[in-house]
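Colleague: heads up, no residue letters with this:
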């Protein structure tokens with residue numbers, strides 16, 4: 001938990017930190033859509049997901065966030081990998097193009113089951129990497145301003161743009177805070193004899209209740225303190241206010257926008273035209 005970086009701003013002077021928060025949010029949306037677009041075959045899935053994975057690594061490295069931090073924060077992901085693999089093995093797809101892995105007493109296991117589980121995990125890892133890059137390179141206040149800017153047209157329909165933007169910003173800001181509280185409570189409960197890593201399943205569930213209840217109480221206390229602090233500072237979400245720092249769109253922001261939009265466009269074209277990489281290369285493998 002101490003290495004979980006999602007929602008934690010890290011003050012560095014990189015090109016990612018200098019980008020406009022509005023462009024970063026839009027770029028993250030473009031890349032998320034590109035990551036989750038279905039490909040027509042496994043060859044294009046491997047190619048597109050590989051390129052997007054390299055782009056995600058480059059973006060994350062640009063914020064000076066170590067890949068080891070991502071891997072450490074995803075240690076619990078292996079449980080989901082095994083669960084997905086079991087589901088796909090027990091309930092295989094109607095079409096299995098990669099062939100049979102093995103057969104035993106009439107039970108057939110296809111390579112597609114492993115590929116499907118790997119594809120879902122790869123998408124989840126890339127989604128977390130891009131989200132980490134956004135939150136670690138964007139100040140919470142800039143993120144709030146950017147969300148307010150995007151929600152501004154909805155004010156015509158009496159949409160509470162400021163309130164929603166502030167709520168999202170506070171939620172992202174409190175992710176690392178809640179994780180630190182959870183780590184502190186776990187250490188306190190461990191010193192009192194609670195074992196979170198060993199024992200039967202029932203004992204682990206009982207141990208988790210000793211973690212969840214104090215965490216809920218701590219969260220309510222923090223939210224009440226934050227509400228009182230905002231009231232003492234006369235915060236009014238409906239009041240018209242000026243800003244000391246204004247978001248500015250520059251040439252770097254234009255390049256980042258065109259790059260992410262180009263990546264999304266290329267993925268959409270590949271999916272729509274149902275291209276096959278190996279067929280284009282004159283091969284017939286997948």
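Modeller: Great, that's in hand. Note that the structure is a prediction, hence the values are computed from the model and not measured.
Colleague: all strands for the stretch 51-200 of the chain, in order.
Modeller: Applying DSSP state E, counting those that start in this stretch to the stretch 51-200 of the chain gives strands spanning 100-104, 107-110.
Colleague: figure out how far the helix or strand harbouring residue 221 is from the centre of its chain.
Modeller: Element membership for residue 221, per DSSP states H and E: helix 201-232. Here helix 201-232 shows a centroid-to-chain-centroid distance of 23 Å under the convention CA atoms, centre = their mean, to the nearest Å.
Colleague: and the contacts of the helix or strand following that helix?
Modeller: Scanning forward in sequence from helix 201-232 by DSSP H and E, the next helix or strand is helix 251-273. Outside of helix 251-273, the residues within contact range by CB atoms under 8 Å, 6 or more residues apart in numbering are 15, 18-20, 23-24, 26-27, 30-31, 33-34, 37-40, 44, 48, 52, 55. For glycine as for every other residue, the C-beta is placed from the backbone atoms N, C-alpha and C.
Colleague: ok, of those residues, which come out buried?
Modeller: When the contacts of helix 251-273 are checked for burial by 16 or more other CB atoms under 10 Å, the buried set is 19-20, 23-24, 26-27, 30-31, 34, 39, 44, 48, 52, 55.
Colleague: for residue 145, state which of these is nearest.
Modeller: Among those, residue 20 lies closest to residue 145 (CB to CB), at 10.0 Å.
Colleague: how near is the closest residue to that closest one other than its chain neighbours to residue 62?
Modeller: The shortest distance from residue 20 to any non-neighbouring residue, by CB to CB, 6 or more residues apart in numbering, is to residue 253 (4.5 Å). Noted for residue 253: a distance of 14 Å to residue 62, by CB to CB, to the nearest Å.
Colleague: neighbour count winner among these two?
Modeller: residue 253 (20 against 16; other CB atoms under 10 Å).
Colleague: now do residue 136 against residue 222, distance only.
Modeller: 22 Å.
Colleague: between the two, which one's more packed in?
Modeller: For residue 136 versus residue 222, the count of surrounding residues by other CB under 10 Å is larger for residue 136: 23 against 14.
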